[in-house]
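A.B. asks: sequence isn't available, so here's the structure alone:
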């Protein structure tokens, strides 16, 4: 904590802020998500509506407090799932070696050569965009990138003496993977998890912005930008607030990760 | 050298074939098919089966895949199931626009990223480097619609300098086209420049720490000459790679920007294809984006090989 640069601290503050908003936000909301409380639409900032009102005259602050939950938790969930899949496959790949490694590496290479947005769009078209499927789609989109990093890390570790010692001791592959190799990859993998989280949040809000992500009646921050896009010409806070919210979350997370990477042990 | 090149190109082609399998497989997961679509809700199962047979949809998946791939190679990705037009014609209208947007952005973004990267690398560790680091790290994580909406607010709503909608058609003259493309180009530049600048900085800073640079400095050579004549040729591989990665983003990644500005490009076409579940169109767009990506990476690799004799000798 004390080793963090000031940008890292800002990042940490922003990330903690959004995590707590996602956790308790709906409890703090002054109005219910769906209530039409303002006679004006695209109202400006006022004491009653701190972030103005949206295209139907709903309180924007309450919409935001509810929406942040989907963005943050779907982002985290999909990133964790992507890293679990990527790392598990990487461990299988490295421990098995031979044709298993070859097939997995080639397959993952194939998936990484489909641009992430294109892959996500194809998957959305093929499946659907319910909340659960969106989580899986985002995870599938970013698992190959994690696989690549985890495989490189594990490959290096496998060359080290303590792994050879474990092999000679006669330990099984699962033991070596989970007790010898994995604990030594945790640091870089957590940094990768953070980055993937940023990617997923950006992808997800992008999809929602296009109307292909989170579907009504649910609304994440990207959906909030989309539904209020007609307020753009008025410069309504209803469109800027959710867009700025996403940016503060992703930029904050990125600053934090960068500070940890450069400030930590080299 | 020739053998290495051939192997590299072969590997790209193999990846492209594998990608086509993924895209074809994903598309066949969709419930219902073109026959069902064409006949509508009221068709009897017998009619659907008959049409399916006629369209060759009842063949096993590998056969359908082979037919689809062969048609794609002939440059005929089939009939759009929604627009009732050959996919080729739809894409032919949009592709030039996308290439134009990507080209204009590349002309602005690549030199800008190079300059930013070199400036940051030369001033490594100073306030300038740190400021550029924070700026690029923030830009990488910025959602495109924020950049685009801010651009519209400032330049179209407040200053009223530029149109908020990019109307590009045959009727508009070159000046009109350029003006309406300015905002999209600006947004895309903001999106791609940061990553490219960061990778350029890393590549140049890595070279600047080498003994040969110290030698040149001790000889009394100016910094400009060191960077441009000595360092750049050595950093060309990673730099071209950075540029290729960022430029590949301009094709498939321009989705949000194209949508906001109603720019008639290939990426927004793909979004429409997803919304209307127009599979032949979607597959064709996805294949074009993947092929563009693979081609750019291939060019970057070949450029790196040409620039670095060690890579050729492997």
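C.D. replies: Okay, I see it. Predicted model, so just to flag it, every value in this text is computed and none were measured.
A.B. asks: wasn't residue B:142 part of a strand?
C.D. replies: No: secondary structure assignment (DSSP: H, G, I helix; E, B strand; the rest coil) places residue B:142 in coil, not in a strand.
A.B. asks: run a quick neighbour tally on the residue nearest to it when sequence neighbours are not counted.
C.D. replies: Counting by CB to CB, 6 or more residues apart in numbering or on different chains, residue A:247 is the residue found nearest to residue B:142 once chain neighbours are left out, at 5.5 Å. Any C-beta I mention is one placed from the backbone N, CA and C, and that applies to glycine too. When neighbours are defined as other CB atoms under 10 Å in any protein chain shown, residue A:247 has 22 of them.
A.B. asks: secondary structure element for residue A:247?
C.D. replies: Of the helices and strands defined by DSSP states H and E, residue A:247 is found in helix A:237-263.
A.B. asks: how about that helix: buried residues?
C.D. replies: Residues A:237-260 are the ones in helix A:237-263 that count as buried (16 or more other CB atoms under 10 Å in any protein chain shown).
A.B. asks: do you know how far the residue nearest to residue B:142 is from residue A:71?
C.D. replies: Distance from residue A:247 to residue A:71, counting by CB to CB, to the nearest Å: 12 Å.
A.B. asks: what does residue B:84 give?
C.D. replies: When distance is defined by CB to CB, residue B:84 is 38 Å away from residue A:71.
A.B. asks: of the two, who's got more company?
C.D. replies: residue A:71 (31 against 8).
A.B. asks: mind listing what the more buried one touches?
C.D. replies: By CB atoms under 8 Å, 6 or more residues apart in numbering or on different chains, residue A:71 lies in contact with A:22, A:201, A:204, A:205, A:220, A:221, A:222, A:246, A:249.
A.B. asks: mind listing the helices for the stretch 151-266 of chain A?
C.D. replies: When assigned using DSSP state H, counting those that start in this stretch, the helices of the stretch 151-266 of chain A occupy the ranges A:161-169, A:173-175, A:186-209, A:221-227, A:237-263.
A.B. asks: mind putting those helices in a markdown table, mean pLDDT included?
C.D. replies: Formatted as a markdown table, the helices of the stretch 151-266 of chain A follow (pLDDT from 0 to 100):
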| stretch | mean pLDDT |
| --- | --- |
| helix A:161-169 | 88 |
| helix A:173-175 | 86 |
| helix A:186-209 | 89 |
| helix A:221-227 | 84 |
| helix A:237-263 | 85 |
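A.B. asks: residue A:107: which of these is closest?
C.D. replies: Nearest to residue A:107, of all the helices of the stretch 151-266 of chain A, is helix A:186-209, at 18.8 Å by CB to CB.
A.B. asks: now the angle from the closest one to helix A:237-263?
C.D. replies: 160 degrees (axes from the mean of the first three to the mean of the last three CA atoms, to 10 degrees).
A.B. asks: now helix A:186-209: buried residues?
C.D. replies: Applying a neighbour-count criterion of 16+ other CB under 10 Å, the buried positions in helix A:186-209 are A:189, A:191-209.
A.B. asks: near chain B too, which of those?
C.D. replies: With the criterion set as CB under 8 Å from any CB of the partner chain, the members of the buried residues of helix A:186-209 near chain B are A:198, A:202, A:205, A:206, A:209.
A.B. asks: and the furthest pair within those residues?
C.D. replies: Greatest spatial distance in those: A:198 and A:209, 16.2 Å, computed using CB to CB.
A.B. asks: before we move on, the earlier item: which of the helices of the stretch 151-266 of chain A sits closest to residue B:301?
C.D. replies: Evaluated over those, closeness to residue B:301 peaks at helix A:186-209, with 24.2 Å, by CB to CB.
A.B. asks: the helix-or-strand element of chain B with minimal mean pLDDT: what's the following helix or strand?
C.D. replies: Considering only helices and strands, the least confidently modelled element of chain B by mean pLDDT, DSSP states H and E is helix B:34-39, at a mean of 67. Moving toward the C-terminus from helix B:34-39, the first helix or strand encountered (DSSP H and E) is helix B:45-55.
A.B. asks: for stretch B:257-273, buried residues please.
C.D. replies: So stretch B:257-273, judged by 16+ other CB under 10 Å, has buried residues B:257-261, B:263-273.
A.B. asks: which ones among the residues you listed map onto strands?
C.D. replies: Counting by DSSP state E, none of the members of the buried residues of stretch B:257-273 fall within strands.
A.B. asks: check the residues you listed against chain A, which are close?
C.D. replies: With CB under 8 Å from any CB as the criterion, the buried residues of stretch B:257-273 include B:259, B:260, B:270, B:271, B:273 near chain A.
A.B. asks: shouldn't the first one be in contact with residue B:271?
C.D. replies: Yes: contact status for residue B:259 versus residue B:271: in contact at 6.2 Å, counting by CB atoms under 8 Å.
A.B. asks: what do those two both touch?
C.D. replies: Residues touching both residue B:259 and residue B:271 (CB under 8 Å, 6+ apart): residue A:210.
A.B. asks: on that earlier part again, distance to residue B:296 added to the contacts of residue A:71, as TSV?
C.D. replies: Rendered in TSV, the data for the contacts of residue A:71 read as follows (distance: CB to CB, whole Å):
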residue	distance to residue B:296
A:22	38
A:201	26
A:204	26
A:205	26
A:220	32
A:221	32
A:222	28
A:246	28
A:249	31
